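Q: no sequence on this one, just coordinates:
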């Protein structure tokens, strides 16, 4: 790509793309993000993670590249599988720019319908509610460095932005067999993770909202992602970049394939996109 890149915004998936397999931000990725920001290119995290789990990633980016722009990438991000566009204020509180939660009645119906062995995670802005702290929830807590709050989800009254359904690695068929109510959609971010949102909500919804607010056209956007839930975002963007660890169905969407997430995929992608 020529030095005068038309790219004004780069949308970056988090797990499996920005983070390595140990869920860490590399110095190379953080430095590349800082360089892009310093050059006037917006770098926006677009993730299935809820805001609280993105707070940890933003802090890691800032720690690995202390010369990054204040507030880190964005500072606006797209969270909860596109249901939230938000930022953290200087005092650490969440500022929601746009939100598309699902109806409470439909969320409760999912809670009642899930088979034994599937863990339901209920996310409302930066709050994470669960009915029990089982091994699946504890593993998610370790990955995201967040802690959930115990609650009776069958009587929860706050509309969730998304539900995350977790299945054991040896019982992923439990997610395959689950029928969601009309008005909700589910997409796999990993074989064990089913991200459930209101119909019409995906990563593109949040990304497109933010681009429209900034006056940035899709052809001025590049997207980097590895998961099945990244495919709509990759199709939306003018340039689609995929790390080598992505599956074949995601790689099929790529304009460019870069190194895997254990080898600084985002740094490689930004160098390619911005002509470094």
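A: Right, received. Where do you want to start? What you see is a predicted model, and the numbers here were worked out from it, not measured in a lab.
Q: separation between residue 200 and residue 238?
A: Per C-beta to C-beta, to the nearest Å, residue 200 is found 22 Å from residue 238. Every C-beta, even on glycine, is put in place using the N, C-alpha and C of the backbone.
Q: brain fart, residue 230
A: Using C-beta to C-beta, residue 230 is found at 15 Å from residue 238.
Q: again, but for residue 256
A: 12 Å.
Q: between residue 200 and residue 238, which one's more packed in?
A: residue 238 (16 against 11; other C-beta atoms under 10 Å).
Q: could I get the pLDDT score of the nearest residue to the more buried one once chain neighbours are set aside?
A: Spatial nearest neighbour of residue 238, excluding adjacent residues (C-beta to C-beta, 6 or more residues apart in numbering): residue 219 at 3.8 Å. In this model, residue 219 is scored at 96, pLDDT.
Q: distance of residue 219 from residue 264?
A: 26 Å.
Q: the two: which is more packed in?
A: residue 264 (23 against 12).
Q: got a list of what that one touches?
A: Applying C-beta atoms under 8 Å, 6 or more residues apart in numbering, we find residue 264 in contact with 26, 28, 29, 32.
Q: likewise for residue 134?
A: So residue 134 contacts residue 119 (C-beta under 8 Å, 6+ apart).
Q: might one say that residue 80 is in contact with residue 202?
A: No. Applying C-beta atoms under 8 Å as the test, residue 80 and residue 202 come out as separate, 10.8 Å apart.
Q: so the two - more neighbours on which side?
A: Per other C-beta under 10 Å, whichever of residue 80 and residue 202 has more neighbours is residue 80, with 32 against 23.
Q: just give the nearest non-adjacent residue to that one, would you?
A: residue 161 (4.1 Å).
Q: separation between the one you found and residue 271?
A: Taking C-beta to C-beta as the measure, residue 161 falls 34 Å from residue 271.
Q: likewise residue 27?
A: For residue 27, the distance to residue 271 equals 15 Å [C-beta to C-beta].
Q: now stretch 50-63: mean pLDDT?
A: 92.
Q: what packs against the lengthiest helix in the chain?
A: Longest helix in the chain, counting residues (DSSP state H): helix 51-64. Under the contact criterion of 3 or more C-beta pairs under 8 Å, 6 or more residues apart in numbering; DSSP states H and E, helix 51-64 touches helix 27-38, strand 42-45, strand 77-79, strand 84-88, helix 135-144.
Q: need the contact list for residue 155.
A: Residue 155 makes contacts with residue 108, as judged by C-beta under 8 Å, 6+ apart.
Q: please disregard the earlier target; I meant residue 184.
A: 102, 106, 110, 196, 197, 198, 199.
Q: rerun at 10 Å
A: Residue 184 sits next to 102-103, 106-107, 109-110, 162-163, 196-199, 201 when contact means C-beta atoms under 10 Å, 6 or more residues apart in numbering.
Q: buried ones from those, can you make that a ChimeraX selection?
A: Buried residues within the contacts of residue 184, by 16 or more other C-beta atoms under 10 Å, are selected in ChimeraX with:
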select :102,106,107,110,162,163,196,197,198,201
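Q: circling back to that earlier point, pull out the buried positions in the longest helix of the chain.
A: So, applying 16+ other C-beta under 10 Å, buried residues of helix 51-64: 51, 52, 53, 54, 55, 56, 57, 58, 60, 61, 62, 64.
Q: would you map the helices across the protein?
A: Here the chain has its helices, by DSSP H, at 27-38, 51-64, 104-113, 135-144, 173-176, 203-214, 231-236, 248-251, 265-274.
Q: could you dump those to a markdown table with distance to residue 120?
A: Below are the helices of the chain laid out as a markdown table (distance: least, C-beta to C-beta, whole Å):
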| stretch | distance to residue 120 |
| --- | --- |
| helix 27-38 | 32 |
| helix 51-64 | 17 |
| helix 104-113 | 5 |
| helix 135-144 | 9 |
| helix 173-176 | 12 |
| helix 203-214 | 21 |
| helix 231-236 | 24 |
| helix 248-251 | 26 |
| helix 265-274 | 31 |
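Q: per-residue confidence at residue 109?
A: Predicted confidence (pLDDT) for residue 109: 97.
Q: how much space separates the nearest residue to it once chain neighbours are set aside from residue 88?
A: The shortest distance from residue 109 to any non-neighbouring residue, by C-beta to C-beta, 6+ apart, is to residue 181 (4.9 Å). To residue 88, residue 181 is 33 Å away according to C-beta to C-beta.
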